[in-house]
Structures are given as structure tokens and as C-alpha cells.
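[1] just need the structure, nothing else, for what follows:
(one chain, ligands or ions: 1)
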Amino acid sequence: MNRLGNVGRRRHGMSSQLVSCYRFKTGSSSSTRWLDRQKKDICSKESKLHNYRSRAAFKLIEIDKKYRIFEKKTRNILDLGSAPGAWSQVAAERMNKLGVEANILGVDLLPSSPPKGTHFLQGNILSKRTHKEINEFFSRATDTTNVGLHIDLVVSDMMANTSGISANDHLASMELCDGALLLAMNLLKEGGTMVIKFFSGCEEHILQWRLSLTFHKVFRMKPNASRSESKEMYFICKRKKSSTSVSEVFGTT
Ligand SMILES: C[S@@+](CC[C@H](N)C(=O)[O-])C[C@H]1O[C@@H](n2cnc3c(N)ncnc32)[C@H](O)[C@@H]1O
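    Numbering: from 1, shown residues only. Coordinates of the predicted model:
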């Protein structure tokens, strides 16, 4: 596979000190667990009611409610880690409501059928080939031969299979976030928006710093629909800057 070199590589060899800062939170009260179960039940029932493919839909709906990520000017949307397709469904629904015919492309390692009004590409976001195919899709969709800078909104809900070892899960998530950010740096329009899921841990400040070099505004959010015991969080990044270079952000040449 054509991997993305230094950017997005897996980190190994963590010190015991580093590992210790990832210990699970213990002793969560039974009332918190009960509330989480209730939240999950309500979301599952609601997602069946609305025909969403997963309860993940409600996280994006909450994010949009607070940060208005879908706008009338939005034309091209990239959904990373899209399977089974709930976020693409929400994107199509929101753009429909705004009366805008948007090009929505979901990308995932796993095969998936695109929800109505969206497209799907099976590929690994850590592969250069996938970046090229995404660029080609939006070039065709926008009927231009221009390379790059077609996309108005990137949403990433990517996560590798969780291992239960939070240090490993965090590092796997950081690798995917690096891949998503690199892609956004190359393909997201100036002024564009990005939503990115990450698993909280020791290296998240590096991700936040990289995002703040690339975007004017970076917000952190834990949607109510996300289980409180889960370390998943989201950065909502608004107004991509015009001039940040990959070497500035990733320290590569
Ligand atoms: C939590 S699920 C996404 C749920 C989705 N947002 C929805 O609404 O249905 C995370 C997804 O990330 C995908 N993923 C993990 N690593 C990836 C990679 N390197 N490239 C593309 N997709 C990846 C997984 O296959 C999985 O389907």
C-alpha cells in the first residue's frame, strides 16, 4: 500500500510513564452507566424511527445544531470513515433542506452502499491513491480540470477497531486524524470547514496545535449522543486559512 510517509505513521515504543497517563477511568457511578444506557436506547430507537443507518447520525446532528456546518454555500462534502452511512444520510438530508444539490462522497475501508443522493468510494485514507481518487471524484463532479481545493466540508468519524487499550486506541486515532488533516490541507477550500473525531489522550494537544495552524477557529465538543465513558471527542474547525504549508504543520520536508 502507498502509505503517507512520515505523516500518519503508527507510533511505537511508548514509555511506561506515557502509558500510565492513559489508564481507564474507574469507579464510574451506576447512575452514569444508567444514564448512558438510556441515552443509547433513546438514540437507537430514534435512529430506527428516522431510518438512519446508525445512531452516529445524532452526533453530527448535534454538531450541526451548534456550529452550523452545513451552509447554503456548501457544494462538495467529503465524509471520511462513512460506513455504514449515517453521516452521509444526515449530510444529504441537511443539504436537501437547504435546497442545495451537493456532491457528497463517503469513503471507508469497508464496503458500503451509498445512501440516496450520495456516492461512495472504498479506500484507505492513509493511502495516497485514495487521496488521488477523492480529488478525481470532485474534479469530475465540479466539471473542472483544476487539481485540488474543491471541497467545502470534510467530516471525519474515522476510528480503527478499538482494542480496549486506550493508549493504543488513542495513537491509532491520531494516525487517522493526521491522514484526514493532510487530505484537508490539500483538498479543502480556503474558508472551508472540518469536523474530526479523535480519541482523547496524551497527543491530542499536538493535533489541536496542528488544526489551529490550519484553521482560524477550532472548537472541541463531546456530543450528548456520545457515551460519556467513551474517550471519543470532536474538533470542529472553521475557516481554513489560505497559506499553511504541510511542512509547517507536520514538520516534514
Ligand atoms: C464509527 S465508524 C463511522 C460511522 C459513520 N460515521 C456513520 O455515520 O455511519 C468508523 C469508520 O471508520 C472507518 N475507518 C477506519 N480506518 C479507516 C481508514 N484508514 N480509511 C478509511 N476508513 C477508515 C471504519 O471502517 C469504520 O467504518
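
[2] what sits against T193?
    Applying Cβ atoms under 8 Å, 6 or more residues apart in numbering to T193 gives the contacts I69, D152, L153, V154, I236, C237, K238, R239, K240. Every residue, glycine included, has its C-beta placed from N, CA and C.

[3] mind redoing it with 6 Å?
    I69, L153, K238 (Cβ atoms under 6 Å, 6 or more residues apart in numbering).

[4] F120 too?
    G106, S112, P114.

[5] what about it, which SS state?
    strand (DSSP: H, G, I helix; E, B strand; the rest coil).

[6] give me the nearest residue to it, chain neighbours excluded.
    P114 (3.9 Å; Cβ to Cβ, 6 or more residues apart in numbering).

[7] on the three-state scheme, that neighbour is what?
    Assignment for P114 (three-state DSSP): coil.

[8] give me the distance between it and S127.
    20 Å (Cβ to Cβ, to the nearest Å).

[9] can I get the contacts of T193 in JSON lines including secondary structure?
    Shown next, in JSON lines, are the contacts of T193 (three-state DSSP):
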{"residue": "I69", "secondary structure": "coil"}
{"residue": "L153", "secondary structure": "strand"}
{"residue": "K238", "secondary structure": "strand"}
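
[10] out of those, which touch the ligand?
    Taking Cβ under 6 Å from any ligand atom as the test, the ligand is in contact with none of the contacts of T193.

[11] of these, closest to G123?
    G123 has its nearest neighbour among the contacts of T193 in L153, at 19.0 Å by Cβ to Cβ.

[12] dump the contacts of F120 into a markdown table; add neighbour count as well.
    Formatted as a markdown table, the contacts of F120 follow (neighbours: other Cβ atoms under 10 Å):
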| residue | neighbour count |
| --- | --- |
| G106 | 27 |
| S112 | 18 |
| P114 | 18 |
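
[13] list the buried ones in the host helix or strand of W87?
    Assigned by DSSP states H and E, W87 falls within helix 86-97. Residues A86, W87, S88, Q89, V90, A91, A92, E93, R94, M95 are the ones in helix 86-97 that count as buried (16 or more other Cβ atoms under 10 Å).

[14] contact residues of the stretch 51-200 of the chain facing the ligand?
    Counting by Cβ under 6 Å from any ligand atom, the residues of the stretch 51-200 of the chain near the ligand are 53-54, 56, 81-87, 107-110, 124-126, 157-160, 176.

[15] now the residues you listed: which count as buried?
    53-54, 56, 81-87, 107-109, 124-126, 157-158, 160, 176.

[16] quick one: residues contacting the most centrally placed residue in the chain.
    Geometric centre of the chain, nearest residue: S156, 1.4 Å, by Cα atoms, centre = their mean. Each residue near S156 by Cβ under 6 Å, 6+ apart is listed here: L80, A180, I196.

[17] let's see it at 7 Å
    L80, G81, A180, V195, I196, K197 (Cβ atoms under 7 Å, 6 or more residues apart in numbering).

[18] gap between the two ends of stretch 69-77?
    11 Å (Cα to Cα, to the nearest Å).

[19] in it, what counts as buried?
    I69, F70, T74, R75, N76, I77.
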